[in-house]
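Q: give me coordinates for this.
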Amino acid sequence: MPDNPLISTDAPRGATVQSYYARRNMSFYPVAEHELESLSLMNTLNSALLTVSVGLITLAIGIWVSAAFSDKLTPAGAVMQDFAAPILMVLGFVVLYFCRWTRSKRDAVWKKIVSASESGPAME
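A: This next block holds a predicted model:
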């Protein structure tokens, strides 16, 4: 058989794998158990209060939108529009304030943890 320079038998067969290595510097913070419980509680309260707040505000807006597109309001609808919807809206914003308060408390705990932590020597 004549030698064919277009065909090479020294070519690698199958899949070729090249390894790439990445390095990343990460920060670790020592967190005490009571601080972890505090962060967890504040996260839970923040989520629950935000959910309740959005629900109350949405309910109030829904009452007003229903009243706006209604031809004639029933006496119960008029009471809902005049009294219940504003009360729900105010209550929703009060709960939203407490949501913001829990978030600020959580952020304060986290800033305290970060400021009290010291970094160690970097590993090579």
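Q: tell me which stretches of this structure form helices.
A: Per DSSP state H, the chain carries helices over the ranges 33-68, 75-79, 85-116.
Q: and Thr16, which of those is closest to it?
A: Nearest to Thr16 among the helices of the chain is helix 85-116; the distance by CB to CB comes to 44.8 Å. For glycine as for every other residue, the C-beta is placed from the backbone atoms N, C-alpha and C.
Q: how about that closest one: buried residues?
A: 85, 88-89, 91-92, 95-96, 99, 102-103, 105-106, 109-110, 113 (16 or more other CB atoms under 10 Å).
Q: go on, stretch 34-48?
A: Buried-residue list, stretch 34-48, by 16+ other CB under 10 Å: Glu35, Ser38, Leu39, Met42, Leu45, Asn46.
Q: cool, stretch 45-58 as well?
A: Here stretch 45-58 shows Leu45, Asn46, Leu49, Leu50, Val52, Ser53, Leu56, Ile57 as buried, counting by 16+ other CB under 10 Å.
Q: pLDDT on it, on average?
A: In this model, stretch 45-58 has an average pLDDT of 97.
Q: convert the helix or strand of the chain with the lowest mean pLDDT to PDB, retaining C-alpha atoms only.
A: The helix or strand of the chain with the lowest confidence, counting by mean pLDDT, DSSP states H and E, is helix 75-79 at a mean of 91. Extracted C-alpha coordinates of helix 75-79, given in PDB (Å, rounded to 0.1, in the frame of the first residue of the first chain):
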ATOM      1  CA  PRO A  75     -74.600  48.500  51.300                       C
ATOM      2  CA  ALA A  76     -71.900  45.900  52.200                       C
ATOM      3  CA  GLY A  77     -69.900  47.000  49.200                       C
ATOM      4  CA  ALA A  78     -70.100  50.600  50.300                       C
ATOM      5  CA  VAL A  79     -68.900  49.700  53.800                       C
END
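Q: for that helix, what is the distance to the chain centroid?
A: 38 Å (CA atoms, centre = their mean, to the nearest Å).
Q: repeat for stretch 59-78
A: Here the centre of stretch 59-78 is set off from its chain's centre by 34 Å, with CA atoms, centre = their mean.
Q: could I get the helices of the chain as JSON lines with distance to Arg24?
A: Listed next are the helices of the chain as JSON lines, based on distance: least, CB to CB, whole Å:
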{"stretch": "helix 33-68", "distance to Arg24": "24"}
{"stretch": "helix 75-79", "distance to Arg24": "60"}
{"stretch": "helix 85-116", "distance to Arg24": "19"}
